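[1] Here you go, sequence then predicted model.
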Amino acid sequence: MDSSTPKKAGHPFKTGRKIKRIAICTGGGDAPGLNAVIRAATKTALYFGWEVIGLYQGFDGLIFPKMSQKLEPRDIRGILNKGGTILGTTNRGNPFEYPVKRGGKTEIKDISRTVVRNFRKMGLDALIVIGGDGTLRIAEKLGEMGIPMVGVPKTIDNDLNGTDVTFGYDTAVSTATEALDKLHSTAASHRRCMVVEVMGRYAGWIALNSGVSGGADVILIPEIPFTVEEVCKKVRERDRIKRYFTIIVAAEGAKPAGGGMITKGGASGGRQEVLLGGIAEWLAKEIQRTCGKESRSLTLGHLQRGGHPTTFDRLLATRLGAAAARLVYLGHFGRMVGLKTPRIASTPINEAVQCMKAVPVDHDTIISARSMGISFGDGVKAPHPQF
């Protein structure tokens with residue numbers, strides 16, 4: 001891990017010998033491997049002789065100090081292979097835009113100073129924040145207010161910079177691939193077109209890799225706008241060669257050319273992002289209307305977030321959790337640990353969340369998929385082979 005980074009302005013350099021108490025929290029959507037990070041970070045911190053405080057429900061544990069607990073070895077025993085998070089999580093706990101009920105109405109308030117004040121009252125020396133881009137943006141701002149902070153990248157969407165891959169992603173892709181495996185037999189039996197919607201928000205990593213691994217015929221991702229006609233072209237092509245079923249994987253953020261993403265609702269209640277979803281149902285109806293092919297839709301939804309983490313995610317989460325504690329020991333705050341194959345390194349949090357890591361349209365997996373006849377709904381053929 002990179003240990004040559006200069007200390008962040010405003011953060012006093014603290015070696016492990018001066019640190020006595022740290023806190024850990026998990027924020028945003030849950031992901032397989034969260035407990036493995038908590039376990040590794042806690043075990044490493046205890047090895048350094050520190051006291052570890054677990055904050056419940058993300059930053060709520062600093063807004064309401066009673067929502068916290070000292071983590072002892074017994075508290076993290078047996079959680080390595082467990083899904084979810086023993087600390088709980090929320091995607092509505094932004095202290096800079098926190099929903100506060102007054103007089104029967106909900107107002108959005110900035111209570112970040114309360115968080116900083118409680119951090120100091122609790123006698124904490126550092127905070128390890130495990131989360132995706134939204135959670136880490138909050139962490140960065142709290143760091144600028146004086147909280148010594150280290151980030152750990154978590155998201156099944158795999159859309160964070162500063163790391164080759166985020167933990168939770170491998171498990172989500174495995175879950176989606178297993179679902180596609182099972183859909184082949186029922187689709188073939190009924191000669192249907194099956195449209196499967198997977199998560200990923202504005203990045204198509206889950207759709208791309210599960211689609212290729214699960215033998216999909218069409219893969220639709222946010223980075224490549226599609227047309228219904230091109231999708232139907234692939235459906236008709238398969239019918240002509242007597243393959244009377246078609247498997248389509250659609251990322252929840254996929255959008256038709258010239259149109260927008262399908263959403264379930266707008267931002268509300270302190271939530272900054274719209275709720276994506278509905279692309280599979282919409283597309284199945286359009287396929288049936290356009291080319292008369294019987295179609296069905298399936299949304300995997302939160303199944304992709306649940307279950308035991310894969311071996312890859314357990315190992316990655318463990319490496320990241322232990323590395324986060326080591327980064328605290330070195331006093332390198334305002335940074336996020338990440339996988340830079342083959343080693344764990346660190347990146348400034350502001351660089352990691354500066355922009356989303358989208359799928360490059362010339363990614364070799366896309367080129368490989370096109371060369372095998374997989375359609376991305378855009379009519380583009382595989383390029384001439386080159387390296």
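    Great, that's in hand. Note that the structure is predicted; figures quoted are calculated from it, not measured.
[2] contacts and neighbour counts: CA atoms only from here.
    Fine.
[3] What pLDDT is listed against Leu327?
    pLDDT recorded at Leu327 is 97.
[4] quick one: it is in a helix?
    Yes - Leu327: assigned to a helix according to DSSP: H, G, I helix; E, B strand; the rest coil.
[5] Would you check that it makes contact with Val150?
    Yes - using CA atoms under 8 Å as the test, Leu327 is close enough to Val150 to be in contact (7.2 Å).
[6] which residues touch stretch 78-89?
    Residues from elsewhere that reach stretch 78-89 (CA atoms under 8 Å, 6 or more residues apart in numbering): 25-36, 39, 54-58, 305-309, 314.
[7] Just the CA atoms of that stretch, as CSV, please.
    Output in CSV follows, covering the C-alpha atoms of stretch 78-89 (Å, rounded to 0.1, in the frame of the first residue of the first chain):
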residue,chain,number,x,y,z
GLY,A,78,-18.6,-15.7,12.3
ILE,A,79,-19.5,-12.8,10.0
LEU,A,80,-16.9,-13.2,7.2
ASN,A,81,-19.3,-15.1,4.9
LYS,A,82,-22.5,-13.3,5.9
GLY,A,83,-24.3,-10.9,3.5
GLY,A,84,-25.6,-7.5,4.6
THR,A,85,-23.9,-5.5,7.4
ILE,A,86,-24.1,-6.0,11.1
LEU,A,87,-24.0,-2.2,11.5
GLY,A,88,-26.9,-1.5,9.2
THR,A,89,-27.0,1.1,6.4
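[8] In helices only, show me the contacts of stretch 78-89.
    Leu34, Asn35, Ala36, Arg39, Arg314 (DSSP state H).
[9] Pipe those into JSON lines and attach pLDDT per row.
    Putting the ones in helices among the contacts of stretch 78-89 into JSON lines (pLDDT from 0 to 100) gives the following:
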{"residue": "Leu34", "pLDDT": "97"}
{"residue": "Asn35", "pLDDT": "97"}
{"residue": "Ala36", "pLDDT": "98"}
{"residue": "Arg39", "pLDDT": "98"}
{"residue": "Arg314", "pLDDT": "98"}
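[10] Generate TSV for these, with distance to Lys182 and neighbour count as supplementary columns.
    Compiled in TSV, those are given as follows (distance: CA to CA, whole Å; neighbours: other CA atoms under 10 Å):
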residue	distance to Lys182	neighbour count
Leu34	28	34
Asn35	29	27
Ala36	29	31
Arg39	34	25
Arg314	25	25
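[11] what two of the residues you listed have the greatest distance between them?
    Greatest spatial distance in the ones in helices among the contacts of stretch 78-89: Arg39 and Arg314, 10.6 Å, computed using CA to CA.
[12] Which ones among the contacts of stretch 78-89 map onto strands?
    Residues of the contacts of stretch 78-89 located in strands (DSSP state E): Cys25, Thr26, Gly54, Leu55.
[13] Show me which of the residues you listed is closest to Lys234.
    Closest to Lys234, out of all of those and judged by CA to CA, is Thr26, at 42.6 Å.
[14] And Leu327 and Val150? Which one has more around it.
    Val150 (31 against 27; other CA atoms under 10 Å).
[15] Report the buried residues of the helix or strand hosting Ser368.
    Assessed by DSSP states H and E, Ser368 sits inside helix 364-371. Neighbour counts over helix 364-371 (16 or more other CA atoms under 10 Å) mark Ile366, Ile367, Ala369, Arg370 as buried.
[16] what pLDDT, on average, does that helix get?
    Mean predicted lDDT for helix 364-371 stands at 95.
[17] Report the distance from that helix to the chain centre.
    When C-alpha coordinates are averaged (CA atoms, centre = their mean, to the nearest Å), helix 364-371 and its chain have centres 24 Å apart.
[18] now do stretch 145-157
    The answer for stretch 145-157 is 13 Å, by CA atoms, centre = their mean.
[19] likewise stretch 372-385?
    On CA atoms, centre = their mean, the centre of stretch 372-385 falls 28 Å from that of its chain.
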